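Participant: give me a model of this one.
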Amino acid sequence: MAFQRQSSHTVTWCVRRYLLSSRSRAFDLQMSRNLFSKSGIWDQEFNQDVRKEIEDYWKPILKNYDLENRSQITVNKSNKDKFYVLSMFPYPSGSLHMGHVRVYTISDVMARFNRLRGKEVIHPMGWDAFGLPAENAAIDRGEIPDKWTKQNISSMRKQLDGLLCSFDWNREVTTSDPNYYKWTQFIFLKMLEAGLVYRKKGEVNWDPVDQTVLADEQIGEDGLSWRSGAKVEKRNLEQWFIKTTSYSKSLLDGLEEVNADLWRDIIDNQKHWIGALAYCIQFKYKIGDEVQTEPLSVYTSTPEYIYGISHIQLTSDHPLYKQSYKENKETILGITKSNISAIHPITQEQIPVIFTNKTTDDIGALHDAHLGIPSVNDSDETIGNIIKADWNFVTDKDDDGSTLINSHQLSGLTCEEARRHVLLQLQEENVLGVPTSAKLRDWLISRQRYWGTPIPIIHCRQCQIVPVDINDLPVVLPQIQELSSKGGSPLSQIEDWVNVKCPRCGGEARRETDTMDTFVDSSWYYLRYLDPNNQHLPFDKQLANTYMPVDLYIGGKEHAVLHLYFARFFNHFLNDIGMVKHREPFVDLLTQGMVMGQSYKVKSTGQYIPAEDVEVTGNTARQIATNEPVELRWEKMSKSKYNGVDPQDVLEEFGVDSTRLCIMGNVSPMSNRHWSNKEFKGIVKWQYRIWNLVGEYLTHSGKDNPVPCSKQELDQYDKEIFEKRNQAVREVSFHFKKTYLLSTAISQLQSFTNILKKCPHGVMYESYEFERSLCDLIIMISPFVPMFASEVWTALTSVARQTDHIYQWTEIVLNQKWPIVDEYYQYPLQVKFNNGDWGEIKLPVGSLNNLSTEQAKDVLYQDQPFQEYCKDKVLSDFKLIVKKDYRAEIYITSKYTEEKKLQMKKAKSMKSKSVAQNN
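Facilitator: Sure thing, here's the model as predicted:
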């Protein structure tokens, strides 16, 4: 379709000339240290002083603007669509690092973009304040954790404000605040009520430095604590567990609901973490001749082999061990026979139960019980022979074992078919328990430290374990004057806190002195953000149902397994008890890479040295003092490696806006970025080009055009600017909405700036399309550089024609609407032959968004260049991919027709003969 302007924007060339020549406003362009916003005078330079003056002027204005425009969500939902953007809340260490600058700039850019789209944006911030780092730091400084934590929070809040992050500070939460952890305790008690919390004595991982228990997930492959670095020991202690494994199937199924394009690696990580499912079969059993009332739960990953069971193997840690051991002490090769027999749930035959020190598979080791099936396990066959058990081989070892034999009605079925039948039958018999992970243990949440959420349990000699009444929450962490890193839980030493009356019998009792793992605190904070001041519930259900799930969750890759696993578990549980309607808490996930610094490592000693001690010549580096070769590396920033960068130094040198832009540019947010101040050169040059472009527009809009252009030239430029503007809006919007490749969006905006910069002054002076494009460019950069954009917008709108009612000319740039693609703009259908680019055909957006493969083929076959290209080819395997509101791609396999091949062969032969004759 030919280029068209919307009729409401169309003015004749002559009328446009008249409008422009009638302007009376003129602006002096001179050297000045006064901003246009204050003086009406444009400074031609854009240097460090100007950048500082822009930020000094606009920062308080925009802070106040952000304060007034923060989300005020209510139960009565507004007519705006919501967008909940959440960045993982930080541990309050006291200082921001460059990783913080990156993640919180990403979230702020996304929040500002969605506000420009007219969304009701929820953009909260809080503090993951409990945990060992705060406790250890307080011990080192001789302070109490509460005071130290509050000081750090105050400091970091100021630093985040300095970055101009538009957080909803009215939603701020702190996990160490009793108003928050009251509800952590509430959810714990709900899990206890649901049978998901239990206490047992067992072998645990003990950190001898931090003097606390560690979960398996907190230990490295080298057996060292991931926090203290100490060699982890094994101890037997009573510990609290949450039965996360009961939700293994639910958590696996939930991965089908998330955005696969963005979650791709995370989905794999979560699946790998959870592992294959093990199915719980609940056997009736007898001790001697007495049938027991409670079932014996045994897990297996192969329920299809249920007709091939020879025995059930329990470990000496199993609760039945002691009871059985007293009855029968006969031991053969480490196998203890018992007088326990299980009853097959389908055949009703008796199955011998034995005891060993350990089971023969990972599932049995996790659950202290193993289902012996000789057909698929050689160890089971050995044990079966030793105890002279009866069993049937249910797979044929002469074939691949994929078809069942000797399995009653399952014989002849594949393993997959048989599994479906067995699970259905066991479910009908009411003996199928909850599926669980075949490799994960339940979540050990006990910590023998002070600075954590108190576990709301009371221990009474008579009543045993007694939960604290919900009406008595929170169990407040007592003030403590001095902390020690040695011994057990510090809470056990506070007698007036520990010693209480039993809520049930009134007798002497003691509080639980373990505190909760901090992952518990951070597993539900995204819900409290929605209702942070609720005194009656963790959050209002209707608010959660309205504003959940989180639309975009931003955080480091290192949290993409554990934290995400626990947060998803919490949300699944809260969904089950009716507190939230959404099972999955996060729609999209952006896992940003680390900010890495360059380090210098002496090759001969492995010693890290500062940059100033290194001389670099080309690709070679040497230590100045010794002339020893030095290895240049990019690594995670660390004081010990001398490669850290203080964000405050960067902000003071380059300013907030340039820093925000720099940390977003050149590298995908999902990739690690190598931080160097050299990156600022290109960023500041781009800002200067925009600054200069607006300055030129002011110059040529404030007086009669000294370089008039013809109507033909104007129309030609208008047509090109129209295309380039729509392309930029289409590209930038797509990457903001779909891919979160903010670096690519910046590249598109830089290209668009260059296009506008090339326009002649006469076009700048007279073109409606140019003015509109310049306005849209400034709006689109505003999420990245809100202060810089506010200044250039103020100058631009002071001389704009203001004939376009899309813009709110008297409002600041942050109050504008995000640009949209024009109705008449044509979207690309990209054609690729044998994975190589051929070209593209333009289509209206409605046609593109609803395009089918057959419709795409019809479009192609009506295109003359396409027909010409394909006349000697056979086409097959048409594959269409439609990216709505962006573009479509069609992949085609092509090969020459037999006739064409013959022609080409003849031509080649004739050419060869001709060459031979000439030689």
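
Participant: low-confidence ranges, the stretch 1-150 of the chain, go.
Facilitator: Where the stretch 1-150 of the chain drops to pLDDT under 70, the residues are 1-34, 75-78.

Participant: so where do the helices sit in it?
Facilitator: Using DSSP state H, counting those that start in this stretch, the helices of the stretch 1-150 of the chain run over 13-21, 36-39, 48-68, 98-116, 132-141, 145-162.

Participant: now for those helices, which one comes closest to residue 318?
Facilitator: helix 132-141 (33.2 Å; Cβ to Cβ). Backbone N, C-alpha and C define where each C-beta goes, glycine included.

Participant: what does residue 204 show for phi and psi?
Facilitator: In terms of degrees, to the nearest 10, the main-chain angles of residue 204 are phi -130, psi 170.

Participant: look up the closest residue to the residue nearest the centre of the chain, ignoring the ones flanking it.
Facilitator: Nearest to the geometric centre of the chain sits residue 589, at 3.3 Å (Cα atoms, centre = their mean). Once flanking residues are discounted, residue 589 sits nearest to residue 553: 5.1 Å by Cβ to Cβ, 6 or more residues apart in numbering.

Participant: specify the beta-bridge partners of the one you found.
Facilitator: Beta-bridge partners recorded for residue 553 (DSSP bridges): residue 86, residue 589.

Participant: picking that back up, is it true that the residue nearest to the centre of the chain touches residue 262?
Facilitator: Yes: counting by Cβ atoms under 8 Å, residue 262 is a contact partner of residue 589 at 5.7 Å.

Participant: residues of stretch 873-893 that come out buried?
Facilitator: Residues of stretch 873-893 classed as buried: 880, 882, 885-890, 892 (neighbour count, 16 or more other Cβ atoms under 10 Å).

Participant: tally of neighbours for residue 218?
Facilitator: Look at residue 218: counted by other Cβ atoms under 10 Å, it has 18 neighbours.

Participant: what sits against it?
Facilitator: By Cβ atoms under 8 Å, 6 or more residues apart in numbering, the contact list for residue 218 reads 205, 225-227.

Participant: closest one of these to residue 335?
Facilitator: For these, the minimum distance to residue 335 (Cβ to Cβ) is 29.2 Å, reached by residue 205.

Participant: before we move on, back to that, closest one to residue 278 among the helices of the stretch 1-150 of the chain?
Facilitator: Between residue 278 and these, the tightest spacing by Cβ to Cβ is seen for helix 132-141, at 32.7 Å.

Participant: picking up where we left off before, okay if I get the helices of the stretch 1-150 of the chain as a markdown table plus distance to residue 547 and mean neighbour count?
Facilitator: Shown next, in a markdown table, are these (distance: least, Cβ to Cβ, whole Å; neighbours: other Cβ atoms under 10 Å):
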| stretch | distance to residue 547 | mean neighbour count |
| --- | --- | --- |
| helix 13-21 | 46 | 13 |
| helix 36-39 | 36 | 16 |
| helix 48-68 | 19 | 16 |
| helix 98-116 | 13 | 23 |
| helix 132-141 | 30 | 19 |
| helix 145-162 | 22 | 17 |
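
Participant: for residue 421, which of the ones you listed is the nearest?
Facilitator: With Cβ to Cβ as the yardstick, what comes closest out of the helices of the stretch 1-150 of the chain is helix 98-116 (48.6 Å).

Participant: show me how far the closest one is from its chain's centre.
Facilitator: Distance of helix 98-116 from its chain centroid, counting by Cα atoms, centre = their mean, to the nearest Å, is 14 Å.

Participant: same thing with stretch 894-914?
Facilitator: Relative to its parent chain, stretch 894-914 has a centroid offset of 55 Å by Cα atoms, centre = their mean.

Participant: pretty sure residue 797 contacts residue 809?
Facilitator: Yes: using Cβ under 8 Å, residue 797 is in contact with residue 809, at 5.3 Å.

Participant: looking at those two, which has the bigger crowd around it?
Facilitator: Ranked by neighbour count (other Cβ under 10 Å), residue 797 and residue 809 place residue 797 first, with 19 against 16.

Participant: that's a helix at the more buried one, yeah?
Facilitator: Yes: counting by DSSP: H, G, I helix; E, B strand; the rest coil, residue 797 is found in a helix.

Participant: excluding its backbone neighbours, what's nearest residue 607?
Facilitator: Closest to residue 607 by Cβ to Cβ, 6+ apart is residue 601, at 7.1 Å.

Participant: who's in contact with the one you found?
Facilitator: Taking Cβ under 8 Å, 6+ apart, we find residue 601 in contact with 607-609, 630-631, 633.
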